[in-house]
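Student: Have a look at this prediction, sequence included:
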Amino acid sequence: MTKAPQRRVLVTGGGTGIGRAIAQAFAQMGDAVTICGRRIAPLQETAQGFDMELRQCDITQEAEVEALFDHPFDVVVANAGGGAAARLQKTSLEAWNDTLSVTLTGVFLTFRAALGQMPEGGRLIAIASTASLKGGATIPAYAAAKHGVLGLVRSIALDVATRGITCNAICPGFVDTPLAEQAITGLMERFNLDRAAASAKVASGNPIGELITPAEVASSALYLASPEARMINGHALSLSGGEV
């Protein structure tokens, strides 16, 4: 993979987990990285040892997102998202709206603002999920939001193709992040399982039987942002060991 000249890179939700790994990977490539999130302390932890710009931002708020783009970015990674697990009949309207707001509307606001100044050759990358490609009985709001992200990515890809810009989604399965840890401890408490059994259950959706590492997601983002990936557009890259 050819190392591109220094680029301006924005990673939303860059304070923890996948976002942290992606931000640090681009920084190690020599890119000028900006990370944003609601809390400043995790952003500071991500930036330790790196020269990164830190921006406090709630990506569900239109004005805050617009303010992020006081200069153009060559690569924008919409990573922020989330949502609590609950079956449909136990999903409140508030929880539904909160999940769609951060997981789908946040991507919409981020990409819309990014395209106002993005130069030719720019890269839009959404961190989606295998939930973009299939349902989940206990995550209807999250799956619906992630399906929406993929529809948005595919639509943007068609819109920007003639501008030399690409828009793609990375769709990982369970990644070894604090969210996976929450799932493991939840299973331990709910079913009285030991850690090994709970960890195996969480990883069981991956045919390889392991959690994906944040570094593996970051490597995929680096590739999609590379010159070699210019013909990959509107794609959902499943990073799941064959889950989908």
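Tutor: Thanks, I have the structure now. Residues are numbered from 1 along each chain as shown.
Student: how does this protein divide up, domain by domain?
Tutor: Split into domains by automatic domain parsing, the chain comes to 8-175+212-239, 176-208.
Student: how much distance is there from the longest one to the middle of the chain?
Tutor: Taking CA atoms, centre = their mean, to the nearest Å, one finds domain 8-175+212-239 lying 4 Å from the centre of the chain it belongs to.
Student: and that domain, average pLDDT?
Tutor: The average pLDDT for domain 8-175+212-239 rounds to 96.
Student: Could you do stretch 193-205 as well?
Tutor: Stretch 193-205 comes out with an average pLDDT of 85.
Student: and the residue nearest to Arg230 when sequence neighbours are not counted, what is it in contact with?
Tutor: The shortest distance from Arg230 to any non-neighbouring residue, by CB to CB, 6 or more residues apart in numbering, is to Thr166 (6.6 Å). C-beta coordinates here come from the backbone N, C-alpha and C atoms, glycine included. Neighbouring residues of Thr166 by CB atoms under 8 Å, 6 or more residues apart in numbering: Gly122, Arg123, Leu124, Ala157, Val160, Leu224, Ala229, Arg230, Ile232, Asn233.
Student: burial count for the fifth one?
Tutor: When neighbours are counted by other CB atoms under 10 Å, Val160 registers 20.
Student: cool, and the first one?
Tutor: By other CB under 10 Å, the residues close to Gly122 number 23.
Student: Repeat that for the second one.
Tutor: Arg123: 26 surrounding residues under other CB under 10 Å.
Student: quick one: which of the contacts of Thr166 is most hemmed in?
Tutor: Among these, the one with the most neighbours (other CB under 10 Å) is Leu124, at 28 neighbours.
Student: gap between it and Val11?
Tutor: Leu124 is 12 Å from Val11, where distance means CB to CB, to the nearest Å.
Student: Next, the residue of the chain positioned farthest from its centre: phi, psi?
Tutor: What lies farthest from the middle of the chain is Asn192; by CA atoms, centre = their mean that is 31.6 Å. Backbone torsions of Asn192, given as degrees, to the nearest 10, read phi 60, psi 50.
Student: Repeat that for Pro172.
Tutor: When read as degrees, to the nearest 10, the backbone of Pro172 gives phi -80, psi 150.
Student: Show me the beta-bridge partners of it.
Tutor: Listed beta-bridge partners, Pro172: Leu239 (assigned using DSSP bridges).
Student: Pull the number of nearby residues for it.
Tutor: Close neighbours of Pro172, defined as other CB under 10 Å, add up to 26.
Student: Good, wrapping up.
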